[in-house]
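Engineer: Here is a sequence with its predicted model. Questions after.
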Amino acid sequence: MNSTSAKDIWDAALGELQLQVSKPNYITWLKGTVGLSNEDGTFMVGVPHSFAAEWLQKRLYSLVRKTLVGIMGHDVEVQFEIFNNQGHPVSREPVRPFLATPSEEPASRSNIRPKLNSKYTFDNFVSGSCNQLAYAAAMGVAQDPGSLYNPLFIHSGVGLGKTHLLHAIAHNTSLRGLRALCVSAEEFTNEFIDSIRGRDTGKFRSKFRSPDLLLLDDVHFISGKAQTQDGLFHTFNELHNDNRQIVVTCSQPPRSIPMMDDCLCSRFEGGLVVDLQPPDYDTRFALIRAKATQQFPTISDAVLHAIASQCDQNIRELEGSLNRVLALAKLTGEVPTVGMVEDALCAASNTSMSTPTHSLIMDVISEYFHISPQEILGRKRAAQISEARQVTMYVIYKEAHYSLSEIGNIMGGRDHSTILQGCKKISTDLENKPQLREHLTNISALLSDRHSSP
Ligand code: ADP
Ligand code: MG
């Protein structure tokens, strides 16, 4: 079908879409878009800028597709492409030929898109020192797949953003018309097993050996599964030889995966291996701020700090904490407060374990640093005393769950912003001062000894 009829089809689609979306959305995102082409089962829509392309892809993809299918009477894939004011596409990426036979195409295509989480985009990824390299590498392979690092191997503990980055690569490359196949290693295993049982080898091959990018999540799942590893090895080689991009995520670095074939490990190591570390304080703070201000633009830094200080290992749990606080705030119809954070998070934490009192914390820290409680509470600014004072604030905050203003009172009448600063300083220093980490570990151990002894 030529581009004139694509224009007519799109004009008809716009007529229908105008009735189905709100007026502001129609004016902002759809008005002025054009039907560029309709070839090989792909309908190309011209949009004015990449932001519009991304928005339409994220929010209106299924409605646009449904509308086009209704008008044309057959299934179609939709792509949004940037075009200039004269209506000509700019830097139009050729859509690589897809090797599947036409009858297999719709099935394998429909397997790709719906599994992506629309929130897992590069825009929504907060980067900091804990994840900068992985973030930059993921953006790099999305920009220039198959040529920078191939494969890109991303490993980390749970809840630190591996799947998020993988989906972000898929979203980003799909917007430019590239075929990104994003699957978990479990799905890969199931499909591989089905295929060697002789049912659909052709389908497996065409699905896994033809995309421009293969994004394989949680590859540790195939540890100990020799046949699947073999299947992946061949898939890997075929894609790699053809300069198709491979991105793999895993709970460990390649050589630490138990019962994993050596050849496959060395393939995994052949590009770039990067990790995601637990989020440092600043990243946690930025992350909480990014998510919380969408709902409560006036939320205070003290509240953000209170949430960001709670959970330092796992972003998924951090999001869970934030959601509990926001839910509580919505329920009461108020902007979240530090008290609410305490209510929401202390209730959820293990309340059966009683917490140490602030005077016990003060005694332990005073003995540990050989600095009297009077000096800790006083105003002297000698470095050692200041540090002991800030450690006391931090430990009372973390272990005894007082609010910042309560700690201010305990600490000899300081205001909550001084306490906030003190806690923040210790959180930050903990990232790069091993000796401070050691002090805190020792203090924790002393506290739990004293606390549990009758
Ligand atoms: P993993 O795959 O490593 O277990 P996920 O990618 O599922 O972790 O991330 C867990 C949650 O944390 C998701 O909701 C994800 O969007 C969020 N998340 C992780 N890292 C970041 C980040 N740097 N910025 C924003 N959100 C993040
Ligand atoms: Mg994951």
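Structural biologist: Good, I have the coordinates. This one's a predicted model, so the numbers in the text were calculated from it and none came from an experiment. Ligands and ions are numbered 1, 2, ... in the order given.

Engineer: need the residues of this protein near ligand 1, please.
Structural biologist: Contact residues of the chain with respect to ligand 1, defined by C-beta under 6 Å from any ligand atom, are listed as 120, 124-126, 131, 156, 158-164, 287, 315-316, 319. The C-beta positions use only the backbone N, C-alpha and C, and glycine is treated the same way.

Engineer: Select only the buried ones of these in ChimeraX?
Structural biologist: In ChimeraX syntax, the buried subset of these is picked out as below (16 or more other C-beta atoms under 10 Å):
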select :120,125,126,131,156,159,160,161,162,163,164,287,315,319
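
Engineer: From the residues of the chain next to ligand 1, list the ones also adjacent to ligand 2.
Structural biologist: 162-163 (C-beta under 5 Å from the ion).

Engineer: Look at residue 381 and give its secondary structure.
Structural biologist: Under the three-state scheme (DSSP: H, G, I helix; E, B strand; the rest coil), residue 381 adopts coil.

Engineer: Quick check: chain neighbours aside, which residue is closest to residue 188?
Structural biologist: For residue 188, ignoring the flanking residues on the chain, the nearest one in space by C-beta to C-beta, 6 or more residues apart in numbering is residue 216 at 6.3 Å.

Engineer: Among the residues of the chain next to ligand 1, which ones are in helices?
Structural biologist: Judged by DSSP state H, the residues of the chain next to ligand 1 include 162-164, 287, 315-316, 319 as members of helices.

Engineer: want to try CSV for those, with pLDDT as columns?
Structural biologist: Listed next are these as CSV, based on pLDDT from 0 to 100:
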residue, pLDDT
162, 96
163, 95
164, 96
287, 94
315, 91
316, 84
319, 88
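
Engineer: What is the nearest of those to ligand 2?
Structural biologist: Within those, the smallest distance to ligand 2 is 3.3 Å, found for residue 163 (C-beta to the ion).

Engineer: what about the nearest residue to residue 253 once chain neighbours are set aside, neighbour count?
Structural biologist: Counting by C-beta to C-beta, 6+ apart, the nearest residue to residue 253 once its immediate chain neighbours are dropped is residue 155, at 5.3 Å. Counted with other C-beta atoms under 10 Å, the neighbours of residue 155 add up to 23.

Engineer: so what pLDDT did residue 155 get?
Structural biologist: Turning to residue 155, the model gives it a pLDDT of 95.

Engineer: got it, and residue 91?
Structural biologist: Taken from the predicted model, the pLDDT recorded for residue 91 is 39.

Engineer: ok, now the one 5 residues further on?
Structural biologist: Each residue has a pLDDT score; the one for residue 96 is 28.

Engineer: quick one on the thing from earlier: ok, so of the ones in helices among the residues of the chain next to ligand 1, who is nearest residue 116?
Structural biologist: Of all these, residue 163 has the smallest distance to residue 116: 9.9 Å, by C-beta to C-beta.

Engineer: Could I get the contacting residues of the closest residue in space to the closest one that isn't next to it in sequence?
Structural biologist: Setting aside the residues directly before and after it, residue 163 is nearest to residue 217 in space (C-beta to C-beta, 6+ apart), at 5.6 Å. With C-beta atoms under 8 Å, 6 or more residues apart in numbering as the criterion, the residues that contact residue 217 are 162-163, 166, 182-185, 249.

Engineer: Going by distance to residue 433, which of the residues you listed wins?
Structural biologist: Using C-beta to C-beta as the measure, the one of these that approaches residue 433 most closely is residue 162, at 28.3 Å.

Engineer: How about the contacts made by the closest one?
Structural biologist: For residue 162, the set of contacting residues under the criterion of C-beta under 8 Å, 6+ apart consists of 154-156, 217-218, 249-250, 276.

Engineer: Likewise for residue 146?
Structural biologist: Applying C-beta under 8 Å, 6+ apart to residue 146 gives the contacts 212-213, 243-245.

Engineer: which other residues reach stretch 73-81?
Structural biologist: The list of residues contacting stretch 73-81 from outside it, by C-beta under 8 Å, 6+ apart, reads 36, 38, 41-47, 52-53, 56-57, 61, 64-65, 68-69, 89, 92, 95, 106, 109, 175, 177.

Engineer: Check those residues for burial and list the buried ones.
Structural biologist: With neighbours counted by 16+ other C-beta under 10 Å, the contacts of stretch 73-81 contain buried members at 36, 38, 43-47, 52-53, 56-57, 61, 64-65, 68, 92, 95, 109, 175, 177.
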